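Colleague: the following comprises the amino acid sequence and a computationally predicted model.
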Amino acid sequence: MAFVSDERPSAFGNMIVVTGTVASGDTTADLSDFMSEILMAQVQATDGTATPLTAAIDGTSVDFTDLGRAGRLMAIGKR
């Protein structure tokens, strides 16, 4: 299952905050429909220990290791 964004991203000036859900097995989220540049991204499991993990920014995509369970993604970038 691919990254599923929440319905209403928050925009302020030329910046945007996108949140959404990642499923077990997901390892990347393409945010090119929302952003021209990602400035910060975080992925965190929503159950279990909810341990945050490091996400790597690759252009307008966020790459991360498989959480092994569902999680949430938040990214801040330029529109």
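Modeller: All right, it came through fine.
Colleague: how about stretch 64-79: buried residues?
Modeller: By neighbour count with 16 or more other C-beta atoms under 10 Å, stretch 64-79 contains the buried residues 64, 67, 71-77. Quick note: C-beta positions are derived from backbone N, CA and C, even for glycine.
Colleague: no no, stretch 15-30
Modeller: 16-18, 20-22, 26, 29.
Colleague: for the residue lying farthest from the centre of the chain, give its distance to Lys78.
Modeller: Relative to the centre of the chain, the most outlying C-alpha is that of Gly13, 20.3 Å out, by C-alpha atoms, centre = their mean. For Gly13, the distance to Lys78 equals 9 Å [C-beta to C-beta, to the nearest Å].
Colleague: please apply the same query to Arg69.
Modeller: Arg69 is 31 Å from Lys78, where distance means C-beta to C-beta.
Colleague: and for Met15?
Modeller: Counting by C-beta to C-beta, the separation of Met15 from Lys78 is 6 Å.
Colleague: next one: Pro9
Modeller: From Pro9 across to Lys78, the span is 13 Å (C-beta to C-beta).
Colleague: now do Asp47
Modeller: 32 Å.
Colleague: Val17 too?
Modeller: From Val17 over to Lys78 (counting by C-beta to C-beta), the distance is 11 Å.
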